[in-house]
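Peer 1: Return a 3D structure for these sequence lines:
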Amino acid sequence: MFDKFSAMFRFDSQNNASANCPVVEVPDVGAAAFKVMLSFIYTEDLNELNGDNAMAVLYAAKKYNIHGPVRPSLQIPIPNCEMFS
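Peer 2: Numbering: from 1, shown residues only. Purely as a prediction, here's the structure:
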């Protein structure tokens, strides 16, 4: 389910010391959205999902193939968002 995401964190404990592990950088996902995703991955908790971070969480969930946060992200009202016809 989280194959793309988990591949970023693969670690061979037999051959690598933790000091040799590279830092995982996620430059295109903000800290708040990343925190929501991690919370979902480890606890299935989306309590921190809100109108301020819903779009960023949706982007990150789609990018890393994590389906759980998608529907809740789409159901949150986005502040200052208006429908135009």
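
Peer 1: alpha carbons only for contacts and neighbour counts from here, please
Peer 2: Noted.

Peer 1: Helices of this protein, residue ranges please.
Peer 2: For the chain, applying DSSP state H gives helices covering 3-7, 31-43, 54-63, 70-74.

Peer 1: ok, of these, where does mean pLDDT dip lowest?
Peer 2: Among those, helix 3-7 carries the lowest mean pLDDT, a mean of 64.

Peer 1: Quick check on Ile66: phi, psi?
Peer 2: Torsion angles at Ile66 (phi, psi; degrees, to the nearest 10) stand at phi -110, psi 100.

Peer 1: where's it relative to Phe40, distance?
Peer 2: Distance of Ile66 to Phe40, given as CA to CA, to the nearest Å: 9 Å.

Peer 1: Phe34 too?
Peer 2: Counting by CA to CA - Phe34 and Phe40 are separated by 10 Å.

Peer 1: deepest of the helices of the chain, which one?
Peer 2: helix 54-63 (a mean of 20; mean count of other CA atoms under 10 Å).

Peer 1: Now do it: which elements does it pack against?
Peer 2: Packing partners of helix 54-63 (3 or more CA pairs under 8 Å, 6 or more residues apart in numbering; DSSP states H and E): helix 31-43, helix 70-74.

Peer 1: Adding distance to Asn50, write the ones you listed out as CSV.
Peer 2: Output for those, formatted as CSV (distance: least, CA to CA, whole Å):
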stretch, distance to Asn50
helix 31-43, 10
helix 70-74, 8
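
Peer 1: which one of those lies closest to Met55?
Peer 2: helix 70-74 (6.9 Å; CA to CA).
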